[in-house]
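K.L.:
Got a predicted structure here, sequence first:
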Amino acid sequence: MVAGGRSLTEAMSPVVVRPRWSGLPPPRHSAALPVAGVVARVSFSYRSFPQQSRFRIPNPKPIPSPIKQTPPRTQRQGSPFEVRPPADRPLPLRRAPPMAAAGHEAARPALTRSASIDRIPAEARRILHRLAGELWGADVDPAALAVSQLRGALTNEVFRVTWPGGEGDPRKVLVRIYGQGVEVFFDRADEVRTFECMSLHGQGPRLLGRFPQGRVEEFINARTLSAPDLRDQEISALVARKLREFHELDMPGPKDVSLWQRLRRWLEEARGRCSADEVREFHLETLGDEIAELEKALSGVDQRVVFCHNDLQYGNIMIYEETRQVTLIDYEYASFNPVAFDIANHFCEMAADYHTATPHVMDFTKYPDMDEQRRFVNTYLSSSGENPSDTEVETLLGSIAKYTLASHLFWGLWGIVSGHVNKNIDFEYREYARQRFEQYWQTKPRILLKACDLTS
């Protein structure tokens, strides 16, 4: 999705939102989010965003009034995670220093310098400074700031920010700094609205604050999956069930397939940025015909269109070890698309390991075999309580195979454009693109020929 022409000033103003939990417990319920704005109050009716946006939240729930009496710390039923009182309820705070209470910035302790602190913009540091006091009170020293960059992010820079908390409990948030030029792939304002809408549905982390170059998010106290985890039968089944739940979310916006329009826009971006040699090398002059041919080949397929994640790599999946619950994060590329495309993209990601010395290298021998694919699809289809027939399973498997071709074009074009616009992340985008296109050309004859045989 290319960047829209609208201004992001209003959408990206430095607003701090208080989360309900100090750490995210596994089972999350959809509820209105209590907020406290540093600049302005955020309403989930999205009145603070441009009215021409295609995103609308139907009948948002009213924000509940705060409860006057602070409940004791307790355990959520069935969860090993401690649930703290919501941040909008009164908390027993220690008395703040007089100068800080009076609002004198100079009296506040300076942020401790660490290896990555210079990568955090000043606006984000001010939000972090306020969060330390507003979320955890004088119980936390705002100056005891530790910043570490998380590996594996290919679109943005992601940092974990930690303060030591009371009784040895570390308090963490996540700072996401948007990659350079990535607005050519999606509208950032739409992506922020998707993020907030997901929060309303009880999915993923909560938004804590926004600044022009990025945002501050709730830190999820769960483990990010690794590449081998995707091959684990138990974890794969958990992912399949979670993906079905994700696909059944009632998300706003037109329920139209975005894949083909997005591919054409990215192709134009690639042609406009590449040299003549690159255009010839990657066959960009004829790639429009490939997109049209693929769209025609898949247009007759009976497919269900849902709100898809579109980037279900292992780094965007987190698991709570004690409860074995899974959550999906990072919705930048999310949009309405066929179910088969989302699953095909997930299968292709099993060939990647972004935490090696050569993170751009794909090993397509690790693409799941038919038994693995069939188990995943069976779990996906049956997770709603239905008993899928063999025909349903085989039909979806056939569609998934064809949509792997679309996935290769999708990320091949992404790699070409990213190599030109995203200079702040160390990743061999061009070589990654080359592998995806090579896989497209190698598998296209077999996949489309098989599809023709099945329909003849």
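P.N.:
Looks like it came in fine. Numbers count the residues shown, from 1 in each chain.
K.L.:
longest single helix anywhere in the protein?
P.N.:
Longest helix of the chain, by residue count under DSSP state H: helix 390-421.
K.L.:
Give me the helices and strands touching that helix, please.
P.N.:
Contact here means 3 or more C-beta pairs under 8 Å, 6 or more residues apart in numbering; DSSP states H and E; on that basis helix 390-421 packs against helix 259-273, helix 287-299, helix 339-349, helix 370-382, helix 429-455. (Glycine included, C-beta is placed from N, CA and C.)
K.L.:
tell me the angle of the first one relative to helix 287-299?
P.N.:
Relative orientation of helix 259-273 and helix 287-299, computed by axes from the mean of the first three to the mean of the last three C-alpha atoms, to 10 degrees: 170 degrees.
K.L.:
now do the last one
P.N.:
Orientation note: helix 429-455 sits at an angle of 40 degrees relative to helix 287-299 (the same axes, to 10 degrees).
K.L.:
now swap in the fourth one and tell me
P.N.:
Interaxial angle of helix 370-382 relative to helix 287-299 (the same axes, to 10 degrees): 60 degrees.
K.L.:
show me what contacts the closest residue to His420 other than its chain neighbours?
P.N.:
Distances taken as C-beta to C-beta, 6 or more residues apart in numbering put Arg273 closest to His420, at 4.3 Å, once the chain neighbours are dropped. Going by C-beta atoms under 8 Å, 6 or more residues apart in numbering, Arg273 touches Ile416, Val417, His420, Val421.
K.L.:
Likewise for Ala344?
P.N.:
Residues counted as contacts of Ala344 (C-beta under 8 Å, 6+ apart) are Ile400, Ala401, Lys402, Tyr403, Thr404, Ala406, Ser407.
K.L.:
quick revisit: tell me which of the helices and strands packed on helix 390-421 sits most buried.
P.N.:
helix 339-349 (a mean of 24; mean count of other C-beta atoms under 10 Å).
K.L.:
the inter-axis angle of it versus helix 287-299?
P.N.:
Per the same axes, to 10 degrees, the angle that helix 339-349 makes with helix 287-299 is 120 degrees.
K.L.:
re the thing from before, which of the contacts of Arg273 has the most neighbours?
P.N.:
Within these, neighbour counts (other C-beta atoms under 10 Å) peak at Ile416, which reaches 28 neighbours.
K.L.:
Tell me how far Phe282 lies from Leu208.
P.N.:
40 Å (C-beta to C-beta, to the nearest Å).
K.L.:
Between these two, which has more neighbouring residues?
P.N.:
Neighbours were counted for Phe282 and for Leu208 using other C-beta under 10 Å; Leu208 has more, 26 against 20.
K.L.:
Got the phi and psi for that one?
P.N.:
phi -100, psi -30 (degrees, to the nearest 10).
K.L.:
Would you confirm that it contacts Ser199?
P.N.:
No. In this structure, Leu208 is not within contact of Ser199 by C-beta atoms under 8 Å, at 10.6 Å.
K.L.:
Take the contacts of Arg273 and lay them out in CSV including pLDDT and distance to Ile329.
P.N.:
Formatted as CSV, the contacts of Arg273 follow (pLDDT from 0 to 100; distance: C-beta to C-beta, whole Å):
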residue, pLDDT, distance to Ile329
Ile416, 96, 26
Val417, 95, 23
His420, 93, 27
Val421, 88, 23
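K.L.:
Any chance of TSV for the residues you listed, columns distance to Lys366?
P.N.:
Formatted as TSV, the contacts of Arg273 follow (distance: C-beta to C-beta, whole Å):
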residue	distance to Lys366
Ile416	24
Val417	26
His420	29
Val421	29
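K.L.:
Which of those residues sits closest to Arg265?
P.N.:
When these are compared for distance to Arg265 (C-beta to C-beta), Val417 wins out at 10.0 Å.
K.L.:
Pull the contacting residues for the closest one.
P.N.:
Val184, Phe185, Trp266, Glu269, Ala270, Arg273.
K.L.:
and the two most separated of those residues?
P.N.:
Greatest spacing in the contacts of Val417, by C-beta to C-beta: Phe185 and Arg273 (12.7 Å).
K.L.:
one step back: can you lay out the contacts of Val417 as a markdown table showing distance to Gly214 and pLDDT?
P.N.:
Compiled in a markdown table, the contacts of Val417 are given as follows (distance: C-beta to C-beta, whole Å; pLDDT from 0 to 100):
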| residue | distance to Gly214 | pLDDT |
| --- | --- | --- |
| Val184 | 17 | 79 |
| Phe185 | 16 | 81 |
| Trp266 | 23 | 97 |
| Glu269 | 22 | 95 |
| Ala270 | 25 | 97 |
| Arg273 | 24 | 95 |
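K.L.:
Between those residues, which sits nearest Tyr320?
P.N.:
Phe185 (30.2 Å).
K.L.:
Count the neighbours of the closest one for me.
P.N.:
Neighbours of Phe185 under the rule other C-beta under 10 Å: 25.
K.L.:
likewise Asn221?
P.N.:
17.
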